[in-house]
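> how does the following fold in three dimensions:
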Amino acid sequence: MPTPRHRLTASTAQTELAASLIALREELQVPEAFPPEVLAEADAARAALPATDLRDLPFATLDPPGSRDLDQAFHLEQTPRGWRVRYAIADVPSVVAPAGAVDAEARRRGQTLYAADGTVPLHPEVLSEGRASLLPGQDRSAFVWTVDLDADGADIGHRVERALVRSRVQLDYAGTQRTLDAGADSPAALLPIIGRLRIAQEQARGGASLNLPDEDIEKDPTDGYRVVRRRPLPVEDWNAQLSLLTGMAGASLMLGAGVGVLRTMPPPDDDALADFRVRVDALGRPWGAGQSYGDYLRSLDRDDPQTLAVMHAAASLFRGADYAAFDGTAPAVTVQAAVAAPYAHVTAPLRRLVDRWGLVVCEAICAGVDVPAWARESLPQVPELMRSSTQRASRLASGSRDRIEAALVRDRVGERFTAAVLGRDGSKARIQIRDPLITASCTVTDGAAPGSEIRVLLQSADIATGRVDFTEVAT
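So this is what the prediction gives:
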(Lines give C-alpha, C1' and ligand atoms only; values in the text may rest on other atoms or scores of the structure.)
Protein backbone atom coordinates (compact mmCIF):
# COMPACT_ATOMS: atom_id res chain seq x y z
CA MET A 1 0.00 0.00 0.00
CA PRO A 2 1.51 3.41 -0.91
CA THR A 3 2.47 5.76 1.89
CA PRO A 4 -0.17 8.51 2.35
CA ARG A 5 1.24 11.90 1.41
CA HIS A 6 -0.82 15.07 1.78
CA ARG A 7 0.72 18.15 0.27
CA LEU A 8 0.29 21.85 0.77
CA THR A 9 1.02 23.68 -2.48
CA ALA A 10 -1.26 26.74 -2.55
CA SER A 11 1.06 29.76 -2.55
CA THR A 12 -1.18 31.92 -0.33
CA ALA A 13 -1.47 29.22 2.33
CA GLN A 14 2.28 28.61 2.17
CA THR A 15 2.97 32.30 2.73
CA GLU A 16 0.63 32.42 5.71
CA LEU A 17 2.15 29.23 7.09
CA ALA A 18 5.71 30.53 6.79
CA ALA A 19 4.75 33.65 8.73
CA SER A 20 2.96 31.57 11.37
CA LEU A 21 5.95 29.27 11.86
CA ILE A 22 8.26 32.26 12.26
CA ALA A 23 5.88 33.74 14.84
CA LEU A 24 5.87 30.42 16.72
CA ARG A 25 9.67 30.42 16.91
CA GLU A 26 9.62 33.98 18.22
CA GLU A 27 6.96 33.14 20.80
CA LEU A 28 9.01 30.20 22.09
CA GLN A 29 12.26 32.18 21.94
CA VAL A 30 13.87 29.55 19.74
CA PRO A 31 17.58 30.35 19.29
CA GLU A 32 18.61 31.46 15.85
CA ALA A 33 22.16 31.83 14.51
CA PHE A 34 25.11 31.15 16.79
CA PRO A 35 26.84 34.26 18.15
CA PRO A 36 30.22 35.08 16.54
CA GLU A 37 32.21 34.16 19.65
CA VAL A 38 30.58 30.71 19.72
CA LEU A 39 31.41 30.10 16.06
CA ALA A 40 34.99 31.29 16.55
CA GLU A 41 35.54 29.01 19.55
CA ALA A 42 33.98 26.02 17.76
CA ASP A 43 36.12 26.62 14.69
CA ALA A 44 39.28 26.57 16.81
CA ALA A 45 38.34 23.50 18.87
CA ARG A 46 40.37 20.31 18.40
CA ALA A 47 39.93 17.01 20.21
CA ALA A 48 42.91 15.64 22.10
CA LEU A 49 44.00 12.23 20.78
CA PRO A 50 43.23 9.43 23.24
CA ALA A 51 45.87 6.87 24.16
CA THR A 52 43.76 3.86 23.13
CA ASP A 53 43.65 3.19 19.39
CA LEU A 54 40.74 1.12 18.05
CA ARG A 55 40.97 2.15 14.41
CA ASP A 56 41.53 -1.48 13.41
CA LEU A 57 37.89 -2.24 14.31
CA PRO A 58 35.49 -1.69 11.37
CA PHE A 59 32.89 0.53 13.04
CA ALA A 60 29.80 1.57 11.06
CA THR A 61 27.06 4.15 11.57
CA LEU A 62 23.34 3.63 10.98
CA ASP A 63 21.12 6.67 10.59
CA PRO A 64 18.46 8.22 8.35
CA PRO A 65 19.79 8.89 4.84
CA GLY A 66 21.76 12.10 4.48
CA SER A 67 22.46 12.52 8.20
CA ARG A 68 25.63 14.40 9.09
CA ASP A 69 25.39 14.64 12.88
CA LEU A 70 26.49 11.06 13.56
CA ASP A 71 26.55 10.40 17.31
CA GLN A 72 27.00 6.62 17.30
CA ALA A 73 28.96 3.93 15.51
CA PHE A 74 28.78 0.22 16.27
CA HIS A 75 30.89 -2.91 15.96
CA LEU A 76 29.31 -6.28 16.74
CA GLU A 77 30.96 -9.65 17.14
CA GLN A 78 30.29 -13.12 18.45
CA THR A 79 32.29 -14.39 21.43
CA PRO A 80 32.64 -17.80 23.11
CA ARG A 81 30.17 -16.65 25.78
CA GLY A 82 27.73 -14.84 23.52
CA TRP A 83 28.15 -11.41 21.93
CA ARG A 84 30.19 -8.25 22.25
CA VAL A 85 28.71 -4.86 21.43
CA ARG A 86 31.08 -1.94 20.96
CA TYR A 87 29.29 1.38 20.71
CA ALA A 88 31.36 4.44 19.89
CA ILE A 89 29.85 7.78 20.90
CA ALA A 90 31.00 11.17 19.59
CA ASP A 91 33.51 12.79 21.95
CA VAL A 92 31.76 16.13 22.34
CA PRO A 93 33.32 16.94 25.76
CA SER A 94 36.78 17.10 24.14
CA VAL A 95 35.72 19.92 21.80
CA VAL A 96 33.50 21.88 24.19
CA ALA A 97 35.54 23.75 26.78
CA PRO A 98 33.84 23.90 30.20
CA ALA A 99 32.54 27.41 30.90
CA GLY A 100 33.45 28.46 27.36
CA ALA A 101 31.26 30.16 24.77
CA VAL A 102 30.13 26.91 23.11
CA ASP A 103 29.30 25.40 26.50
CA ALA A 104 27.23 28.43 27.54
CA GLU A 105 25.30 28.46 24.27
CA ALA A 106 24.67 24.70 24.44
CA ARG A 107 23.28 25.08 27.95
CA ARG A 108 20.98 27.82 26.66
CA ARG A 109 19.73 25.56 23.84
CA GLY A 110 19.61 22.22 25.68
CA GLN A 111 19.05 20.05 22.63
CA THR A 112 18.75 20.10 18.88
CA LEU A 113 15.27 21.27 17.89
CA TYR A 114 13.45 19.76 14.94
CA ALA A 115 10.85 21.99 13.30
CA ALA A 116 9.02 21.82 10.00
CA ASP A 117 10.84 24.88 8.68
CA GLY A 118 14.34 23.84 9.72
CA THR A 119 16.56 22.30 12.39
CA VAL A 120 18.05 24.32 15.24
CA PRO A 121 21.27 22.51 16.22
CA LEU A 122 22.67 22.24 19.72
CA HIS A 123 26.23 22.89 18.53
CA PRO A 124 27.69 24.76 15.55
CA GLU A 125 27.77 22.61 12.43
CA VAL A 126 31.57 22.70 12.28
CA LEU A 127 31.38 20.40 15.32
CA SER A 128 28.03 18.60 15.01
CA GLU A 129 28.40 17.82 11.30
CA GLY A 130 32.16 18.06 11.12
CA ARG A 131 34.99 17.46 13.56
CA ALA A 132 32.96 15.77 16.31
CA SER A 133 30.71 13.71 14.03
CA LEU A 134 31.62 10.05 13.43
CA LEU A 135 31.76 10.49 9.67
CA PRO A 136 33.07 7.57 7.59
CA GLY A 137 36.76 7.50 6.79
CA GLN A 138 37.66 10.04 9.48
CA ASP A 139 39.77 9.50 12.61
CA ARG A 140 37.72 10.52 15.63
CA SER A 141 38.06 10.52 19.38
CA ALA A 142 35.08 8.68 20.85
CA PHE A 143 33.71 7.23 24.05
CA VAL A 144 33.74 3.53 23.25
CA TRP A 145 31.35 1.37 25.25
CA THR A 146 32.12 -2.34 25.36
CA VAL A 147 29.20 -4.46 26.54
CA ASP A 148 29.50 -8.24 26.76
CA LEU A 149 26.31 -10.25 26.45
CA ASP A 150 25.66 -13.89 27.22
CA ALA A 151 24.01 -16.26 24.75
CA ASP A 152 20.58 -14.93 25.77
CA GLY A 153 21.55 -11.29 25.30
CA ALA A 154 21.89 -10.39 28.99
CA ASP A 155 24.53 -7.85 29.99
CA ILE A 156 27.39 -9.66 31.78
CA GLY A 157 29.90 -6.80 31.84
CA HIS A 158 30.34 -3.27 30.55
CA ARG A 159 32.84 -0.43 30.50
CA VAL A 160 33.56 2.79 28.62
CA GLU A 161 36.84 4.41 27.59
CA ARG A 162 38.03 7.13 25.29
CA ALA A 163 39.59 5.73 22.13
CA LEU A 164 40.52 6.68 18.59
CA VAL A 165 38.12 5.15 16.06
CA ARG A 166 37.42 5.26 12.36
CA SER A 167 33.99 4.46 10.95
CA ARG A 168 34.21 2.52 7.70
CA VAL A 169 30.76 3.11 6.26
CA GLN A 170 27.62 5.18 6.77
CA LEU A 171 24.57 2.93 6.55
CA ASP A 172 20.94 4.02 6.27
CA TYR A 173 17.88 2.19 7.58
CA ALA A 174 16.09 1.26 4.36
CA GLY A 175 19.22 0.12 2.55
CA THR A 176 20.41 -1.91 5.54
CA GLN A 177 16.99 -3.55 5.92
CA ARG A 178 17.08 -4.61 2.27
CA THR A 179 20.60 -5.99 2.66
CA LEU A 180 19.71 -7.97 5.77
CA ASP A 181 16.49 -9.30 4.22
CA ALA A 182 18.49 -10.50 1.21
CA GLY A 183 21.01 -12.26 3.45
CA ALA A 184 23.88 -10.28 1.97
CA ASP A 185 27.03 -9.41 3.88
CA SER A 186 26.80 -6.29 6.04
CA PRO A 187 28.51 -4.68 9.04
CA ALA A 188 25.05 -4.98 10.60
CA ALA A 189 24.79 -8.75 9.99
CA LEU A 190 24.59 -9.52 13.73
CA LEU A 191 22.19 -6.66 14.49
CA PRO A 192 18.99 -8.73 13.96
CA ILE A 193 20.26 -11.46 16.30
CA ILE A 194 21.41 -9.09 19.05
CA GLY A 195 18.43 -6.79 18.56
CA ARG A 196 15.92 -9.61 18.93
CA LEU A 197 17.72 -10.97 22.00
CA ARG A 198 17.62 -7.54 23.61
CA ILE A 199 13.91 -7.15 22.76
CA ALA A 200 13.33 -10.50 24.52
CA GLN A 201 15.30 -9.18 27.50
CA GLU A 202 13.11 -6.06 27.51
CA GLN A 203 10.00 -8.21 27.48
CA ALA A 204 11.32 -10.28 30.38
CA ARG A 205 11.98 -7.09 32.39
CA GLY A 206 8.45 -5.86 31.77
CA GLY A 207 9.47 -3.02 29.48
CA ALA A 208 6.95 -1.47 27.14
CA SER A 209 6.81 0.77 24.11
CA LEU A 210 3.91 2.39 22.29
CA ASN A 211 5.52 1.75 18.88
CA LEU A 212 3.09 4.02 17.07
CA PRO A 213 3.65 4.75 13.38
CA ASP A 214 5.81 7.80 12.72
CA GLU A 215 3.99 10.83 11.37
CA ASP A 216 6.58 13.17 9.94
CA ILE A 217 6.37 16.61 8.40
CA GLU A 218 8.45 16.92 5.27
CA LYS A 219 9.24 20.05 3.31
CA ASP A 220 9.85 19.91 -0.42
CA PRO A 221 11.30 22.95 -2.24
CA THR A 222 8.66 22.70 -4.97
CA ASP A 223 5.75 20.73 -3.53
CA GLY A 224 5.47 22.47 -0.15
CA TYR A 225 4.77 20.63 3.08
CA ARG A 226 3.42 17.11 3.39
CA VAL A 227 2.49 14.74 6.19
CA VAL A 228 3.99 11.27 5.84
CA ARG A 229 3.03 8.28 7.96
CA ARG A 230 5.33 5.29 8.09
CA ARG A 231 5.95 2.32 10.31
CA PRO A 232 9.55 2.02 11.63
CA LEU A 233 11.54 -0.76 10.00
CA PRO A 234 12.66 -3.72 12.12
CA VAL A 235 16.28 -2.58 11.76
CA GLU A 236 15.35 0.68 13.51
CA ASP A 237 14.02 -1.23 16.51
CA TRP A 238 17.12 -3.42 16.63
CA ASN A 239 19.38 -0.38 16.39
CA ALA A 240 17.45 1.36 19.17
CA GLN A 241 18.22 -1.60 21.41
CA LEU A 242 21.94 -0.76 21.20
CA SER A 243 21.26 2.70 22.62
CA LEU A 244 18.97 1.29 25.31
CA LEU A 245 21.61 -1.27 26.27
CA THR A 246 24.24 1.44 26.54
CA GLY A 247 21.95 3.75 28.52
CA MET A 248 21.24 0.99 31.04
CA ALA A 249 24.96 0.27 31.34
CA GLY A 250 25.60 3.96 32.01
CA ALA A 251 22.91 4.09 34.69
CA SER A 252 24.35 1.00 36.35
CA LEU A 253 27.79 2.60 36.54
CA MET A 254 26.41 5.86 37.95
CA LEU A 255 24.28 4.18 40.61
CA GLY A 256 27.18 1.97 41.61
CA ALA A 257 29.43 5.00 42.07
CA GLY A 258 26.77 7.20 43.66
CA VAL A 259 27.06 10.05 41.16
CA GLY A 260 25.43 10.89 37.85
CA VAL A 261 22.22 11.89 36.12
CA LEU A 262 19.42 9.47 35.22
CA ARG A 263 16.49 9.61 32.83
CA THR A 264 13.57 8.57 35.01
CA MET A 265 9.87 7.83 34.72
CA PRO A 266 7.79 6.46 37.58
CA PRO A 267 5.73 3.34 36.93
CA PRO A 268 2.00 3.94 36.41
CA ASP A 269 0.06 3.86 39.66
CA ASP A 270 -2.82 1.50 40.41
CA ASP A 271 -5.45 4.11 39.52
CA ALA A 272 -3.92 4.76 36.10
CA LEU A 273 -3.68 1.05 35.36
CA ALA A 274 -7.27 0.46 36.49
CA ASP A 275 -8.53 3.33 34.32
CA PHE A 276 -6.59 2.01 31.32
CA ARG A 277 -8.03 -1.47 31.85
CA VAL A 278 -11.58 -0.07 31.84
CA ARG A 279 -10.94 1.97 28.70
CA VAL A 280 -9.52 -0.93 26.67
CA ASP A 281 -12.33 -3.21 27.84
CA ALA A 282 -14.76 -0.65 26.42
CA LEU A 283 -12.83 -0.74 23.16
CA GLY A 284 -13.30 -4.49 22.94
CA ARG A 285 -9.59 -5.18 23.42
CA PRO A 286 -9.47 -6.48 27.00
CA TRP A 287 -6.21 -6.65 28.91
CA GLY A 288 -5.86 -10.16 30.25
CA ALA A 289 -5.35 -10.81 33.95
CA GLY A 290 -1.75 -11.64 34.81
CA GLN A 291 -0.43 -10.03 31.62
CA SER A 292 1.97 -7.12 31.98
CA TYR A 293 0.98 -3.93 30.20
CA GLY A 294 4.12 -4.24 28.09
CA ASP A 295 3.13 -7.70 26.90
CA TYR A 296 -0.40 -6.46 26.32
CA LEU A 297 0.75 -3.57 24.12
CA ARG A 298 3.08 -5.86 22.17
CA SER A 299 0.21 -8.28 21.52
CA LEU A 300 -1.94 -5.72 19.70
CA ASP A 301 -2.44 -5.97 15.96
CA ARG A 302 -0.97 -2.80 14.47
CA ASP A 303 -3.32 -3.14 11.47
CA ASP A 304 -6.42 -3.20 13.70
CA PRO A 305 -8.20 0.20 13.61
CA GLN A 306 -8.94 -0.16 17.33
CA THR A 307 -5.23 -0.27 18.15
CA LEU A 308 -4.81 3.45 17.55
CA ALA A 309 -7.43 4.22 20.19
CA VAL A 310 -5.81 1.74 22.60
CA MET A 311 -2.41 3.37 22.10
CA HIS A 312 -3.94 6.79 22.66
CA ALA A 313 -5.31 5.53 25.97
CA ALA A 314 -1.94 3.95 26.80
CA ALA A 315 -0.27 7.36 26.66
CA SER A 316 -1.68 7.94 30.16
CA LEU A 317 0.70 5.23 31.41
CA PHE A 318 3.80 6.93 30.01
CA ARG A 319 3.91 10.15 32.00
CA GLY A 320 6.27 11.87 34.39
CA ALA A 321 9.53 11.45 32.45
CA ASP A 322 12.24 13.54 34.08
CA TYR A 323 15.95 13.84 34.81
CA ALA A 324 17.44 13.21 38.25
CA ALA A 325 20.97 14.28 39.18
CA PHE A 326 22.58 12.86 42.31
CA ASP A 327 25.88 12.90 44.14
CA GLY A 328 26.00 10.63 47.16
CA THR A 329 22.37 9.61 47.60
CA ALA A 330 20.45 7.99 44.75
CA PRO A 331 17.18 9.72 43.73
CA ALA A 332 13.87 8.38 45.01
CA VAL A 333 12.96 7.21 41.51
CA THR A 334 15.79 5.45 39.67
CA VAL A 335 13.84 3.47 37.06
CA GLN A 336 12.61 4.52 33.64
CA ALA A 337 9.31 2.65 33.64
CA ALA A 338 9.05 2.14 29.88
CA VAL A 339 12.54 0.63 29.86
CA ALA A 340 11.79 -1.17 33.16
CA ALA A 341 15.31 -0.49 34.43
CA PRO A 342 17.52 2.40 35.50
CA TYR A 343 18.50 4.31 32.39
CA ALA A 344 20.68 7.28 31.42
CA HIS A 345 21.17 9.35 28.29
CA VAL A 346 24.75 8.73 27.13
CA THR A 347 24.48 8.10 23.37
CA ALA A 348 23.57 11.40 21.66
CA PRO A 349 25.90 14.21 22.86
CA LEU A 350 25.83 16.02 19.51
CA ARG A 351 22.08 16.54 19.88
CA ARG A 352 21.38 16.46 23.63
CA LEU A 353 23.10 18.40 26.41
CA VAL A 354 22.75 15.89 29.27
CA ASP A 355 24.75 13.18 27.49
CA ARG A 356 27.96 15.19 27.86
CA TRP A 357 27.74 14.88 31.64
CA GLY A 358 26.75 11.22 31.57
CA LEU A 359 29.69 10.29 29.36
CA VAL A 360 32.42 12.02 31.36
CA VAL A 361 31.00 10.68 34.64
CA CYS A 362 30.94 7.10 33.36
CA GLU A 363 34.41 7.36 31.83
CA ALA A 364 35.83 8.61 35.14
CA ILE A 365 34.12 5.78 37.03
CA CYS A 366 35.59 3.14 34.70
CA ALA A 367 39.05 4.73 34.82
CA GLY A 368 38.96 4.90 38.62
CA VAL A 369 39.58 8.65 38.70
CA ASP A 370 37.66 11.60 40.07
CA VAL A 371 34.77 12.94 38.07
CA PRO A 372 35.94 16.21 36.43
CA ALA A 373 35.22 19.13 38.74
CA TRP A 374 33.29 21.07 36.08
CA ALA A 375 30.90 18.14 35.61
CA ARG A 376 30.41 17.41 39.29
CA GLU A 377 29.85 21.05 40.24
CA SER A 378 27.33 21.70 37.46
CA LEU A 379 25.53 18.35 37.68
CA PRO A 380 22.62 19.75 39.79
CA GLN A 381 21.85 22.30 37.05
CA VAL A 382 21.44 19.74 34.27
CA PRO A 383 17.90 18.44 35.01
CA GLU A 384 16.35 21.91 34.91
CA LEU A 385 18.22 22.78 31.70
CA MET A 386 16.85 19.61 30.10
CA ARG A 387 13.31 20.16 31.41
CA SER A 388 13.24 23.64 29.94
CA SER A 389 14.60 22.58 26.56
CA THR A 390 12.34 19.52 26.40
CA GLN A 391 9.30 21.68 27.05
CA ARG A 392 10.32 24.08 24.30
CA ALA A 393 11.01 21.19 21.89
CA SER A 394 7.58 19.70 22.59
CA ARG A 395 5.78 23.00 22.11
CA LEU A 396 7.70 23.71 18.91
CA ALA A 397 6.93 20.28 17.46
CA SER A 398 3.23 20.31 18.36
CA GLY A 399 2.78 23.96 17.38
CA SER A 400 4.43 23.39 14.01
CA ARG A 401 2.32 20.33 13.37
CA ASP A 402 -0.91 22.13 14.30
CA ARG A 403 -0.17 25.01 11.93
CA ILE A 404 0.70 22.73 9.03
CA GLU A 405 -2.46 20.69 9.56
CA ALA A 406 -4.50 23.88 9.57
CA ALA A 407 -2.85 24.96 6.33
CA LEU A 408 -3.55 21.59 4.69
CA VAL A 409 -7.32 22.02 5.17
CA ARG A 410 -7.67 25.79 5.25
CA ASP A 411 -9.42 25.78 1.88
CA ARG A 412 -11.67 22.81 2.75
CA VAL A 413 -13.87 24.40 5.43
CA GLY A 414 -17.41 23.06 5.06
CA GLU A 415 -16.31 19.65 3.76
CA ARG A 416 -17.10 16.34 5.47
CA PHE A 417 -14.50 13.74 6.45
CA THR A 418 -14.33 10.28 7.99
CA ALA A 419 -12.53 10.28 11.35
CA ALA A 420 -11.43 7.76 13.96
CA VAL A 421 -12.25 8.65 17.59
CA LEU A 422 -9.07 8.32 19.68
CA GLY A 423 -10.53 9.34 23.01
CA ARG A 424 -13.07 11.71 24.50
CA ASP A 425 -13.73 13.98 27.45
CA GLY A 426 -17.39 14.88 27.76
CA SER A 427 -18.67 16.34 24.51
CA LYS A 428 -15.15 16.82 23.13
CA ALA A 429 -13.21 14.07 21.39
CA ARG A 430 -9.73 13.67 20.00
CA ILE A 431 -10.10 12.46 16.42
CA GLN A 432 -7.82 11.53 13.56
CA ILE A 433 -8.62 12.25 9.93
CA ARG A 434 -6.94 9.83 7.56
CA ASP A 435 -7.03 11.94 4.41
CA PRO A 436 -5.35 14.32 4.94
CA LEU A 437 -3.60 13.00 8.05
CA ILE A 438 -4.79 15.31 10.84
CA THR A 439 -5.38 14.93 14.58
CA ALA A 440 -7.80 17.46 16.00
CA SER A 441 -10.53 18.26 18.50
CA CYS A 442 -14.18 17.64 17.66
CA THR A 443 -17.58 18.18 19.25
CA VAL A 444 -19.31 14.78 19.30
CA THR A 445 -22.55 13.09 20.30
CA ASP A 446 -22.95 10.48 23.02
CA GLY A 447 -22.63 7.66 20.50
CA ALA A 448 -19.11 8.57 19.37
CA ALA A 449 -17.18 6.00 21.38
CA PRO A 450 -13.36 5.74 21.33
CA GLY A 451 -12.31 3.37 18.58
CA SER A 452 -15.36 4.12 16.41
CA GLU A 453 -15.48 5.91 13.07
CA ILE A 454 -17.65 8.99 12.62
CA ARG A 455 -18.37 11.60 9.97
CA VAL A 456 -17.29 15.13 10.80
CA LEU A 457 -17.69 18.60 9.30
CA LEU A 458 -14.74 20.99 9.19
CA GLN A 459 -15.95 24.19 10.84
CA SER A 460 -12.77 26.29 10.78
CA ALA A 461 -9.01 26.16 10.24
CA ASP A 462 -6.78 28.99 11.42
CA ILE A 463 -3.18 28.85 10.21
CA ALA A 464 -2.03 31.63 12.56
CA THR A 465 -2.97 29.67 15.69
CA GLY A 466 -3.01 26.13 14.31
CA ARG A 467 -6.56 25.60 15.54
CA VAL A 468 -8.77 23.24 13.56
CA ASP A 469 -12.37 22.60 14.66
CA PHE A 470 -14.68 19.79 13.59
CA THR A 471 -18.24 18.86 14.53
CA GLU A 472 -19.76 15.39 14.24
CA VAL A 473 -22.51 15.09 11.62
CA ALA A 474 -24.88 12.37 10.54
CA THR A 475 -23.46 9.84 8.10
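> now the host helix or strand of Pro192, how far from the centre of its chain.
Applying DSSP states H and E as the criterion places Pro192 in helix 191-205. Averaging C-alpha positions (C-alpha atoms, centre = their mean, to the nearest Å) puts helix 191-205 19 Å from its chain's average.
> what of stretch 151-158?
That offset, for stretch 151-158, works out to 25 Å (C-alpha atoms, centre = their mean).
> so what's the closest residue to Phe143 other than its chain neighbours up against?
Nearest residue to Phe143, sequence neighbours excluded (C-beta to C-beta, 6 or more residues apart in numbering): Ile89, at 4.5 Å. All C-beta atoms are positioned from the backbone trio N, CA, C, and that covers glycine. Listed by C-beta atoms under 8 Å, 6 or more residues apart in numbering, the contact set of Ile89 reads Asp71, Gln72, Ala142, Phe143, Val144, Trp145, Thr246, Val346, Thr347, Pro349, Asp355, Leu359.
> and the second one, what are its bridge partners?
Which is Gln72. Ile89 (DSSP bridges).
> need the contact list for it.
Contacts of Gln72 (C-beta under 8 Å, 6+ apart): Thr61, Leu62, Tyr87, Ala88, Ile89, Ala90, Leu134, Leu242, Ser243, Thr347, Ala348.
> how many neighbours does the closest residue to the last one other than its chain neighbours have?
Beyond its immediate neighbours in the sequence, the residue positioned closest to Ala348 (C-beta to C-beta, 6+ apart) is Asp71, lying 4.7 Å away. Taking other C-beta atoms under 10 Å as the criterion, the count of residues near Asp71 is 24.
> mind checking how far Asp71 is from Ala341?
For Asp71, the distance to Ala341 equals 21 Å [C-beta to C-beta, to the nearest Å].
> again with Ala448
When Ala448 is compared with Ala341 (using C-beta to C-beta), they lie 40 Å apart.
> what angle separates the longest strand along the chain from helix 191-205?
Identified as the longest strand of the chain according to DSSP state E is strand 155-172. On the basis of axes from the mean of the first three to the mean of the last three C-alpha atoms, to 10 degrees, strand 155-172 is oriented at 130 degrees to helix 191-205.
> so Val96 makes contact with Glu105?
No. Contact between Val96 and Glu105 fails when scored by C-beta atoms under 8 Å: they sit 9.7 Å apart.
> just the buried residues of stretch 249-259, please?
For stretch 249-259, burial by neighbour count (16 or more other C-beta atoms under 10 Å) applies to Ala249, Gly250, Ala251, Ser252, Leu253, Met254, Leu255, Val259.
> now intersect those with the helices, please.
When DSSP state H is applied, the buried residues of stretch 249-259 are split such that Ala249, Gly250, Ala251, Ser252, Leu253, Met254, Leu255 fall in helices.
> farthest-apart pair in the contacts of Ile89, please.
Val144 and Asp355 (14.7 Å; C-beta to C-beta).
> angle of the helix or strand encompassing Ser243 against strand 155-172?
Assessed by DSSP H and E, Ser243 sits inside helix 234-257. With the same axes, to 10 degrees as the basis, helix 234-257 and strand 155-172 are set at 140 degrees to each other.
> that older thread, how near is the residue nearest to Ala348 to Ala332?
30 Å.
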